[in-house]
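*Asks:* Provide a 3D model corresponding to the input given below.
(one chain, ligands or ions: 3)
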Amino acid sequence: MGMVLKYLLLLGCLGCTLAEVRYDHYKVYKVRIDRLEEFELLNTNERQLQLSTWREIRKLGEEADVMLPPETQLAFEQLLVGHNITYATKIENVQTLIDGQRPKQRTGYMEWTQFHTLDEIYAWLDVIEARYPNIVTPFIIGNSYEGRPIRGIKISYKPGNKAVFIESNIHAREWITSATITYFIDELLVPRNPGVRDIALNVDWYIIPVLNVDGFVYSHEVERLWRKSRLPSDPTGNCIGTDLNRNFDFLWMLVGAESDPCSEIYAGPSAESDVEIHQLTTYINNSIPEDTIKIYISLHSYGQYVLSPWGHVDDEFPDHYPQMMHVAEGFANALYRRYQTEFTYGSSATTLYKVSGSGKEWAYGVKNIPIPYTIELRDKGEYGFVLPPEDIIPVAREVTDGFVGMIMAAREIDIL
Ligand SMILES: *[C@@H]1O[C@H](CO)[C@@H](O)[C@H](O)[C@H]1NC(C)=O
Ligand SMILES: *[C@@H]1O[C@H](CO)[C@@H](O)[C@H](O)[C@H]1NC(C)=O
Ligand SMILES: [Zn+2]
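*Replies:* Numbering: from 1, shown residues only. Ligands and ions are numbered 1, 2, ... in the order given. Next up, the predicted model:
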């Protein structure tokens with residue numbers, strides 16, 4: 001009896017490392033910030049209220065999305081009311097949405113009706129690499145901090161094509177990005193319409209479906225809303241992880257990034273401190289011929305934006321800005337036609353917020369890739385990071401249309 005019990009306990013704990021973090025009755029509020037004092041009020045009370053920002057504001061008059069645990073919601077609401085700040089509840093219970101993303105039964109193979117784990121995505125990569133050896137070339141940029149391979153594929157139907165490079169899921173909790181891009185890969189391999197066939201045949205696609213593999217696994221197994229890497233660089237050991245999209249070696253830590261290891265936008269102890277980024281830039285430098293990549297995309301969620309350089313200044317624009325906007329318009333218009341989903345485009349600093357040390361800034365500033373974007377997929381905050389699985393296929397379809405429009409627009413101005 002004793003032995004059986006011990007055995008069962010042992011079994012129960014196989015593969016379990018840490019208890020899952022839950023978000024029962026955590027709310028997401030939409031808060032309208034009209035005055036600088038209101039902005040500062042939220043900042044000063046951030047720690048005490050355990051406030052976590054889902055979406056920042058760029059300028060006064062906009063609405064921020066912030067999440068609070070049940071313990072501090074009353075104090076938070078009183079604070080807002082006391083200062084005459086307009087707010088509304090956007091998500092009543094974050095855990096309910098998280099539970100809604102968890103399939104009752106895992107199919108184990110990719111069919112885009114549920115969010116897949118890294119193991120499932122990698123098993124699927126094995127299958128397509130074996131099935132389409134003449135089109136798909138697998139690559140590994142290196143291992144993550146925790147030792148997982150960071151895998152990508154190159155899809156090429158013929159030599160001599162120019163290329164698009166896409167990194168996805170650099171932020172762990174943005175699951176819709178890897179779901180979307182794996183669907184897009186499937187489309188490229190079995191094109192279902194002439195537009196997709198064209199961009200599959202005449203462009204090479206380098207795609208890393210999950211760049212932040214450690215964070216992604218952690219967000220599946222422990223903390224659904226994890227964003228950063230898993231590198232422990234805080235000397236106190238209390239805070240883990242670098243914001244990998246602030247870790248690139250271009251104007252590192254200039255603006256829109258933090259030196260506090262506990263911050264969600266912690267830029268890391270130094271530029272390219274995280275192997276995920278150092279290996280990505282090394283791979284692009286050494287394994288892809290110079291001047292091949294014409295478009296660089298960093299896939300994110302949420303907000304429905306196509307963001308270009310510059311991130312660090314809002315009163316200067318890069319030389320290629322008109323081209324960047326032309327191609328972004330091609331993407332947004334083509335995407336809109338399917339379900340009338342609206343994407344806004346412009347430079348990061350003028351459209352969303354200031355940022356430096358991000359992938360697209362590095363792609364333009366260091367590698368001279370003429371069309372570099374951060375693309376923020378659906379939605380506008382109704383579900384935020386926890387989109388229902390039923391949305392995967394619609395998002396993936398509209399983004400596929402968007403990519404067709406993007407390539408057509410790039411051709412019009414001789415980028416590709
Ligand atoms: C709060 O806002 C209302 C309407 O905007 C205004 O009439 C009122 O004077 C404000 N109260 C304070 C204390 O600012
Ligand atoms: C990549 O190449 C650029 C020049 O194109 C160089 O400035 C940078 O240091 C290189 N980075 C790595 C990690 O090799
Ligand atoms: Zn992101």
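*Asks:* okay, CA-based contacts and neighbour counts for the rest of this
*Replies:* OK.
*Asks:* Pull the contacting residues for residue 328.
*Replies:* 306, 345, 406 (CA atoms under 8 Å, 6 or more residues apart in numbering).
*Asks:* is it fair to say it lies in a strand?
*Replies:* No: per DSSP: H, G, I helix; E, B strand; the rest coil, residue 328 lies outside any strand segment and is helix.
*Asks:* From residue 403, how far out is it?
*Replies:* Look at residue 328 and residue 403: by CA to CA, to the nearest Å, they are 10 Å apart.
*Asks:* same thing with residue 151?
*Replies:* From residue 151 to residue 403 the distance is 22 Å (CA to CA).
*Asks:* cool, residue 330 as well?
*Replies:* 9 Å.
*Asks:* Could you do residue 83 as well?
*Replies:* 45 Å.
*Asks:* Quick check, central residue of the chain?
*Replies:* Geometric centre of the chain, nearest residue: residue 300, 2.8 Å, by CA atoms, centre = their mean.
*Asks:* ok so, going back, can you tell me which of the contacts of residue 328 are in helices?
*Replies:* residue 406 (DSSP state H).
*Asks:* for the residue of the chain found nearest ligand 2, what are its contacts?
*Replies:* With CA to the nearest ligand atom as the measure, residue 282 is the residue of the chain nearest to ligand 2, at 4.3 Å. Residue 282 sits next to no residue when contact means CA under 8 Å, 6+ apart.
*Asks:* For it, give me phi and psi.
*Replies:* With angles defined as degrees, to the nearest 10, residue 282 sits at phi -60, psi -40.
*Asks:* Can you report phi and psi for residue 289?
*Replies:* According to degrees, to the nearest 10, residue 289 has phi -60, psi 140.
*Asks:* Tell me the pLDDT of it.
*Replies:* Turning to residue 289, the model gives it a pLDDT of 96.
*Asks:* go on, residue 14?
*Replies:* At residue 14, pLDDT is 45.
*Asks:* I'd like to know how many residues surround residue 160.
*Replies:* 11 (other CA atoms under 10 Å).
*Asks:* ugh, wrong one, residue 233
*Replies:* 18.
*Asks:* Likewise for residue 336?
*Replies:* 16.
*Asks:* Quick check: it is in a helix.
*Replies:* Yes: Residue 336 forms part of a helix when assessed by three-state DSSP.
*Asks:* Got the confidence number for residue 368?
*Replies:* Reported pLDDT for residue 368: 98.
*Asks:* I should have written residue 237 there, sorry.
*Replies:* For residue 237, the model assigns a pLDDT of 86.
*Asks:* any idea how far it is from ligand 3?
*Replies:* Going from residue 237 to ligand 3 by CA to the ion, to the nearest Å gives 24 Å.
*Asks:* what's near enough to touch residue 253?
*Replies:* Contacts of residue 253 (CA under 8 Å, 6+ apart): 246, 259, 267, 356-357.
*Asks:* Residue 56 too?
*Replies:* 63-65, 353.
*Asks:* mind redoing it with 7 Å?
*Replies:* 64-65 (CA atoms under 7 Å, 6 or more residues apart in numbering).
*Asks:* Quick check: phi and psi at it.
*Replies:* phi -90, psi 160.
*Asks:* How about residue 399?
*Replies:* phi -70, psi -40.
*Asks:* cool, residue 195 as well?
*Replies:* Taking degrees, to the nearest 10 as the convention, residue 195 sits at phi -60, psi -50.
*Asks:* who's in contact with the nearest residue to it once chain neighbours are set aside?
*Replies:* Excluding its sequence neighbours, the residue lying closest to residue 195 (CA to CA, 6 or more residues apart in numbering) is residue 404, at 6.1 Å. Residues near residue 404 by CA under 7 Å, 6+ apart: 195-196, 199.
*Asks:* So residue 404 versus residue 338, what's the distance?
*Replies:* 12 Å.
*Asks:* re earlier: among residue 83 and residue 403, which residue is more densely surrounded?
*Replies:* Neighbour totals were compared for residue 83 and residue 403, and residue 403 leads with 23 against 12 (other CA under 10 Å).
*Asks:* Can you tell me the SS state at the more buried one?
*Replies:* Criterion first, three-state DSSP; result for residue 403: helix.
*Asks:* check contacts around the residue of the stretch 301-416 of the chain found nearest ligand 3.
*Replies:* Nearest to ligand 3, among the residues of the stretch 301-416 of the chain, is residue 301, at 5.5 Å (CA to the ion). Neighbour list for residue 301: 174, 177, 376-378, 385 [criterion: CA under 7 Å, 6+ apart].
*Asks:* Assign the residue lying closest to residue 339 once chain neighbours are set aside to helix, strand or coil.
*Replies:* Nearest residue to residue 339 in three dimensions, chain neighbours excluded: residue 398, at 7.3 Å (CA to CA, 6+ apart). Assigned by three-state DSSP, the conformation of residue 398 is helix.
*Asks:* In this model residue 335 seems to touch residue 398, though I could be wrong.
*Replies:* Yes: using CA atoms under 7 Å, residue 398 is in contact with residue 335, at 4.9 Å.
*Asks:* Residue numbers of the stretch 101-250 of the chain in contact with ligand 3?
*Replies:* By CA under 5 Å from the ion, the residues of the stretch 101-250 of the chain that approach ligand 3 are residue 171.
*Asks:* re earlier: among the contacts of residue 301, which ones are in strands?
*Replies:* Of those, the ones assigned to strands by DSSP state E are 376-377.
*Asks:* returning to what we had before: need the contacts of residue 404 in CSV with pLDDT and distance to ligand 2, can you?
*Replies:* Listed next are the contacts of residue 404 as CSV, based on pLDDT from 0 to 100; distance: CA to the nearest ligand atom, whole Å:
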residue, pLDDT, distance to ligand 2
195, 98, 33
196, 98, 31
199, 98, 27
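*Asks:* For the stretch 251-400 of the chain, give the residue positioned nearest to ligand 3.
*Replies:* Closest point on the stretch 251-400 of the chain to ligand 3, by CA to the ion, is residue 300, at 4.3 Å.
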